[in-house]
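1. Next come a sequence and a model predicted from it.
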Amino acid sequence: MTTTISPLIAGNWKMNGLRGSLDELTALAGMLTTGEAPRALVVICPPATILSEVVHQGATAGILAGGQDCHTESHGAHTGDISAGMLADAGAQYVIVGHSERRADHGETDAQVCAKAEAAIGAGLKPIICVGETESQRDSGDAENVVAAQLAGSIPEAASQHEVIIAYEPIWAIGTGRTPTIEDISSMHAAIREKLTARFAEKGPSIRILYGGSLKPQNAREILAVENVNGGLVGGASLLAKDFYTIISAV
Ligand SMILES: O=C[C@H](O)COP(=O)(O)O
């Protein structure tokens, strides 16, 4: 039986965005409210400093907000960190965990990513759990094994009862303008679906699997049409309302 999954397009603003960026949010909200109703859920994950503005300004256009990371603990002496509960308190509904930039810059392990996803679920957020291989892992034919191991280690058991989202982001495609072939995207997403279904039984077919990595207005239509691609996690192209709207409209 085929499960229908409503697509989701999330914009990850990363460490980009001052108050001025909210003009782009206003522009996006305008496009979403005056244009054809989007066929995807739209989420923006801005820097935490402007999260509550995104929550409030986005609400009129149905734009949901998410954090870019959270701590494994709910509170405590962790200077500079932010908990899942704090993100929820600010109005976020989603949080990205295990982005490759955090895995690389902060040495995050699958176990930590799993604990963050668990903390997110505990706070009532939907974690967007990122996985993806390096270029050398792909070149040596290890991509599917690497991603399978990340999935096994990064998704908490609580995913059988709560909503989680997987984002497949080949690291070498992030911010580079390069993307895997459609065949490679298709086979990786099928492999991820198989793993999810093997582990979470009837829940597996309904878990969204996003594609991320140089998703642009020019390639969105083709990539988002691939089976088992249930939306996208967009970096650079989410910073400009016009580009992000084009990607949303490509669903
Ligand atoms: O979180 C988003 C991804 O890292 C993709 O970034 P990008 O669209 O700039 O390649």
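-> Now that the structure is in, tell me what you want to look at. These numbers were taken from a predicted model, which means no experiment stands behind them.
2. all contacts plus neighbour counts: C-alpha atoms, from now on.
-> Noted.
3. since we're on Thr79, how many residues are nearby?
-> 6 (other CA atoms under 10 Å).
4. got it, and Met15?
-> 10.
5. if I pick it, what's in contact with it?
-> Pro47 (CA atoms under 8 Å, 6 or more residues apart in numbering).
6. one more time with 10 Å
-> Pro46, Pro47, Ala48, Gln68 (CA atoms under 10 Å, 6 or more residues apart in numbering).
7. For Arg221, see how far away the last one is.
-> When you say that, I think you mean Gln68. Going from Gln68 to Arg221 by CA to CA, to the nearest Å gives 25 Å.
8. one step back: reformat the contacts of Met15 as JSON lines; add pLDDT.
-> Listed next are the contacts of Met15 as JSON lines, based on pLDDT from 0 to 100:
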{"residue": "Pro46", "pLDDT": "97"}
{"residue": "Pro47", "pLDDT": "97"}
{"residue": "Ala48", "pLDDT": "97"}
{"residue": "Gln68", "pLDDT": "98"}
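9. can you tell me which of those residues are up against the ligand?
-> By CA under 6 Å from any ligand atom, no member of these lies near the ligand.
10. more neighbours, Gln68 and Arg221?
-> A count of neighbours by other CA under 10 Å puts Gln68 above the other of Gln68 and Arg221, at 24 against 17.
11. hang on, isn't that one packed against Ile50?
-> No - the pair Gln68 / Ile50 is not scored as a contact, 12.0 Å apart, by CA atoms under 10 Å.
12. sorry, back to before: for the contacts of Met15, give me a markdown table that also has secondary structure.
-> What follows is those, written out as a markdown table (DSSP: H, G, I helix; E, B strand; the rest coil):
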| residue | secondary structure |
| --- | --- |
| Pro46 | coil |
| Pro47 | coil |
| Ala48 | helix |
| Gln68 | coil |
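13. By neighbours, which of these wins?
-> Looking at these with neighbours defined as other CA under 10 Å, the largest count falls to Pro46 at 27 neighbours.
14. can you pull out the strands in the stretch 151-251 of the chain?
-> With DSSP state E, counting those that start in this stretch, the ranges of strands along the stretch 151-251 of the chain come out as 165-168, 208-212, 231-234.
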